[in-house]
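Q: 3D, please:
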Amino acid sequence: MAELANDHSVTRDGWIRCIRAASDFEDAVHAILNEAWIPNTLPQLTASLIRITDNIRKTRADADFTRDLALGGAPDTWFCVYMALNFERLLEMQREVLMDTVIKLTPRARWAN
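A: So this is what the prediction gives:
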């Protein structure tokens, strides 16, 4: 962020976008670390998995679109691409945690087949 703040090719609007992206990411990580977000019933877990998988798809599409726009762009545009990829990784981690929880909550007899 310090390099972006001192880069003369980064516009004021670009700098604001970078600050917002970093702040949104910090808020998401804070929520994951400090809030109870893992459902404890299979129907709730299923709904959460569907929602997170959809968010991963949307984030991937946005990151791909932004990456295409960033070719030859200013460093702030690349920073936003980087942040989108970090959000994707965070969502992937959430999906893994939810899948582990599904395995723990599903009765063993259902895994026999």
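Q: What's the per-residue pLDDT of the residue nearest to Ile52 when sequence neighbours are not counted here?
A: By the measure of Cβ to Cβ, 6 or more residues apart in numbering, the closest residue to Ile52 outside its immediate chain neighbours is Arg95, 5.0 Å from it. (Glycine included, C-beta is placed from N, CA and C.) At Arg95, the model reports a pLDDT of 96.
Q: what about Arg95, which helix or strand?
A: helix 75-105 (DSSP states H and E).
Q: give me the number of residues near the nearest residue to Phe87 once chain neighbours are set aside?
A: Using Cβ to Cβ, 6+ apart and skipping residues adjacent in sequence, the residue nearest Phe87 is Thr59, 5.3 Å away. Counted with other Cβ atoms under 10 Å, the neighbours of Thr59 add up to 19.
Q: Enumerate every residue touching Thr53.
A: Contacts for Thr53 (Cβ atoms under 8 Å, 6 or more residues apart in numbering) come out as Arg95.
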